[in-house]
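Enquirer: sequence plus the predicted model coming up.
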There are 2 protein chains.
Amino acid sequence: MNDAPAEPVTGRQRSARKAEAILKGARQEFLQRGYAAASMDRIAATAGVSKPTIYSHYGDKASLFRALTSRMVERRVADVFGPASPAALEPDQARKQLAQLAERIVVLNERHPEMLNFLRMVIGESGRFPDLAQGFVAEVQERVLARLTQILAAITDQPELKARIFIGTLMHTILFEDVLHGGGLGPSCKQPLGALLVELLSAAPKHP
Amino acid sequence: MNDAPAEPVTGRQRSARKAEAILKGARQEFLQRGYAAASMDRIAATAGVSKPTIYSHYGDKASLFRALTSRMVERRVADVFGPASPAALEPDQARKQLAQLAERIVVLNERHPEMLNFLRMVIGESGRFPDLAQGFVAEVQERVLARLTQILAAITDQPELKARIFIGTLMHTILFEDVLHGGGLGPSCKQPLGALLVELLSAAPKHP
DNA sequence: GTCTATACATCGATAGAC
DNA sequence: GTCTATCGATGTATAGAC
């Protein structure tokens, strides 16, 4: 507003940069160790600030965890599931998008271990931070289920229920194979799962 | 072997009973707070023993956690999914068992909050205790996927892949609605999901 | 706003008596 | 085997100088 632009770096800018550095350090620490085992000392050291600076910005450990997680919920879900789809779809395009979406979800989760640790953290702390878990669920419902339902509506009936089957099967596979180190399935076995899903769910309506 | 049966309670029996009490206290503490936030002091107090007794029986905190979790993996999975099914099945029986199994899995998980906390714990600690997570996955694969595959083989093709879709959809629903407090679906919305699953997956083979 | 230094509690694990 | 008492380390959070 009325700040003088003479100084190359204002106090506000310094403070904002430190707040970002703190969030970055907190992300690393919380994702690696979980909420309880995370240490405010290590976060301060990683961020290159002192402990009181963290407390002056975020209040306490739980508030810092909330600030970090609620931000990650939006970003990570958007990264994995991409932007919203266009309004109307031809059946062929819908089938294609469905297959692409399946592969994108599986591949992105495999390649980014940060996403796996994020899932571990949100689920593991869902008993003590139910509001954060609810925020994650709401974001996935909005971004993913809505889009899947829209795509499926172009080719079959009961698109909502079938969207749940689609995303449920993919998430379960990621959870068991990647998060829980199942290791029973290779990429050669995950791909036909997506293909079979598209085939099964795009079947013609039973009551036309 | 050569113990005298005159004494009503031998030292061995006392020790075994304490080991059980410790496991019971550890279960309560670990399930409620997670591994890192769990306190050996509180476990000792809940179990009615002193801390050195715990350490003489289980070595350290991680070993106690392993002993508890590996035992719970077997028991909880067996409780929810029941005994193995008979060898051969008629298609009608198979469809019936499939529907019963779906309802059993959903209802048991809803009614026993201990199972929900167990899922939170195993997933949340799967980064730091990968072997325990693998044990859980292996138990589910053996007990559930094998049985589902057997049932589905009586009525359709690709029973293995379809078994993954079946269990994946159910587990994902439990995860989002119950573990993560989604709350978007009532029982009236979970039941048709199971019915739709049976209908979709029991479709006739495409390549007979 | 940001630092150094510290208060105060609790942690996991153990020594030594019995 | 089991106890009481305690060790050293680490935890969150804060007081006071600048």
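Expert: Arrived safely, thanks for sending. Residues are numbered from 1 along each chain as shown, chains lettered A, B, ... in the order given.
Enquirer: low pLDDT regions in chain A?
Expert: A:1-8, A:84-86, A:184-186, A:204-208 (pLDDT under 70).
Enquirer: what does it put close to DNA strand C?
Expert: A:11, A:14-15, A:18, A:49-53, A:56-57 (CB under 7 Å from any atom of the strand). Bear in mind the C-beta positions are built from the backbone N, C-alpha and C, glycine included.
Enquirer: what's around A:Ser39, how many residues?
Expert: Residue neighbour count, defined by other CB atoms under 10 Å in any protein chain shown, stands at 12 for A:Ser39.
Enquirer: how near is it to A:Ala45?
Expert: Counting by CB to CB, to the nearest Å, the gap from A:Ser39 to A:Ala45 is 9 Å.
Enquirer: wait, does stretch A:176-193 contact chain B?
Expert: Yes: for stretch A:176-193 and chain B, the contact criterion (CB under 8 Å from any CB of the partner chain) is met by A:176, A:179-184, A:192-193.
Enquirer: contacting residues around A:Ala21?
Expert: Contact analysis of A:Ala21 by CB atoms under 8 Å, 6 or more residues apart in numbering or on different chains lists A:47-49.
Enquirer: ok, 6 Å please
Expert: A:Ala47 (CB atoms under 6 Å, 6 or more residues apart in numbering or on different chains).
Enquirer: so it: helix, strand or coil?
Expert: The assignment at A:Ala21 comes out as helix when based on DSSP: H, G, I helix; E, B strand; the rest coil.
Enquirer: of the residues of stretch A:176-193 next to chain B, select the buried ones using a PyMOL command.
Expert: Only the buried entries of the residues of stretch A:176-193 next to chain B go into this PyMOL selection, using 16 or more other CB atoms under 10 Å in any protein chain shown:
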select buried, chain A and resi 176+179+180+181+182+193
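Enquirer: so which of the residues of stretch A:176-193 next to chain B reach DNA strand D?
Expert: Among those, DNA strand D is touched by none when using CB under 7 Å from any atom of the strand.
Enquirer: do stretch A:27-38 and DNA strand D meet?
Expert: Yes: on the criterion CB under 7 Å from any atom of the strand, stretch A:27-38 is in touch with DNA strand D at A:Ala38.
Enquirer: what helix or strand is A:Leu98 located in?
Expert: helix A:91-111 (DSSP states H and E).
Enquirer: got a markdown table for the residues of chain A next to DNA strand C, with secondary structure too?
Expert: Converted to a markdown table, the residues of chain A next to DNA strand C look like this (three-state DSSP):
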| residue | secondary structure |
| --- | --- |
| A:Gly11 | helix |
| A:Arg14 | helix |
| A:Ser15 | helix |
| A:Lys18 | helix |
| A:Val49 | coil |
| A:Ser50 | coil |
| A:Lys51 | helix |
| A:Pro52 | helix |
| A:Thr53 | helix |
| A:Ser56 | helix |
| A:His57 | helix |
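Enquirer: identify the farthest-apart pair in these.
Expert: The span of the residues of chain A next to DNA strand C, defined through CB to CB, is set by A:Gly11 and A:Lys51 at 20.1 Å.
Enquirer: looking at those two, which is more packed in?
Expert: A:Lys51 (12 against 9).
Enquirer: the more buried one contacts A:Ala44, correct?
Expert: Yes: judged on CB atoms under 6 Å, A:Lys51 makes contact with A:Ala44 at a distance of 4.7 Å.
Enquirer: can you count the residues close to A:Pro52?
Expert: Neighbours around A:Pro52, by other CB under 10 Å: 9.
Enquirer: check contacts around it.
Expert: Going by CB under 6 Å, 6+ apart, the list of residues near A:Pro52 is empty.
Enquirer: which of the residues of stretch A:176-193 next to chain B fall in helices?
Expert: Residues of the residues of stretch A:176-193 next to chain B located in helices (DSSP state H): A:192-193.
Enquirer: format the residues of stretch A:176-193 next to chain B as JSON lines; extra columns: distance to A:Leu89.
Expert: Below are the residues of stretch A:176-193 next to chain B laid out as JSON lines (distance: CB to CB, whole Å):
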{"residue": "A:Phe176", "distance to A:Leu89": "31"}
{"residue": "A:Val179", "distance to A:Leu89": "32"}
{"residue": "A:Leu180", "distance to A:Leu89": "35"}
{"residue": "A:His181", "distance to A:Leu89": "37"}
{"residue": "A:Gly182", "distance to A:Leu89": "34"}
{"residue": "A:Gly183", "distance to A:Leu89": "36"}
{"residue": "A:Gly184", "distance to A:Leu89": "35"}
{"residue": "A:Pro192", "distance to A:Leu89": "24"}
{"residue": "A:Leu193", "distance to A:Leu89": "23"}
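Enquirer: and stretch A:34-52, what's buried?
Expert: Buried, per 16+ other CB under 10 Å, within stretch A:34-52: A:34-36, A:38, A:40, A:43-44, A:46-47, A:49.
Enquirer: of those residues, which is the nearest to chain B?
Expert: Ranked by distance to chain B (CB to the nearest CB), these are led by A:Ala36 at 3.7 Å.
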